[in-house]
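K.L.:
just to be clear, the model below is a prediction. Sequence and coordinates:
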Amino acid sequence: MRILDSFRSNFSDMGFRRLINLFRNKYFLISFAFLVWMIFFDKNDLFSQYQYHQEVNKLKLERDFYQKETEKVAKDLDELTSNPQKLEKFAREKYLMKKDNEDVFVIVKEKKEE
């Protein structure tokens with residue numbers, strides 16, 4: 001048991017001495033200071049990088065959404081310009097247009113309030 005205790009005390013003293021010597025090394029100190037500066041104090045620190053990454057992901061989702069919407073609108077425009085029946089249906093449904101001899105009744109569904 002004494003051998004194990006003496007080994008532990010020597011090992012911990014040796015580790016502490018190495019740590020002290022490490023902090024006396026000017027290259028380590030400069031590297032450590034640079035690392036701390038880049039992680040916490042620089043304008044492009046880790047927190048800012050995380051925020052930029054989140055914003056980029058949000059903008060990519062918005063881009064995908066608007067690309068899909070643009071494709072839908074282009075498809076609808078193509079159908080409306082090529083098919084007169086679709087154009088008439090669109091005008092009747094969207095803008096409530098009618099012929100001279102027609103009456104239009106608009107039915108609005110009431111929303112259920114909870």
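P.N.:
Arrived safely. Numbers count the residues shown, from 1 in each chain.

K.L.:
centroid-nearest residue for this protein?
P.N.:
Per Cα atoms, centre = their mean, the C-alpha nearest to the average position across the chain is that of Asn57, at 2.8 Å.

K.L.:
in three-state terms, label Met97 for me.
P.N.:
Secondary structure, DSSP: H, G, I helix; E, B strand; the rest coil: Met97 is coil.

K.L.:
same check on the one 10 residues further on?
P.N.:
Following three-state DSSP, we place Ile107 in the coil state.

K.L.:
run a quick neighbour tally on it.
P.N.:
Ile107 has 4 neighbours, counted by other Cβ atoms under 10 Å. C-beta here means a position set from N, CA and C on the backbone, and glycine is covered the same way.

K.L.:
do the same with Leu87
P.N.:
Leu87: 13 surrounding residues under other Cβ under 10 Å.

K.L.:
over to Ala91?
P.N.:
By other Cβ under 10 Å, neighbour count at Ala91 equals 13.
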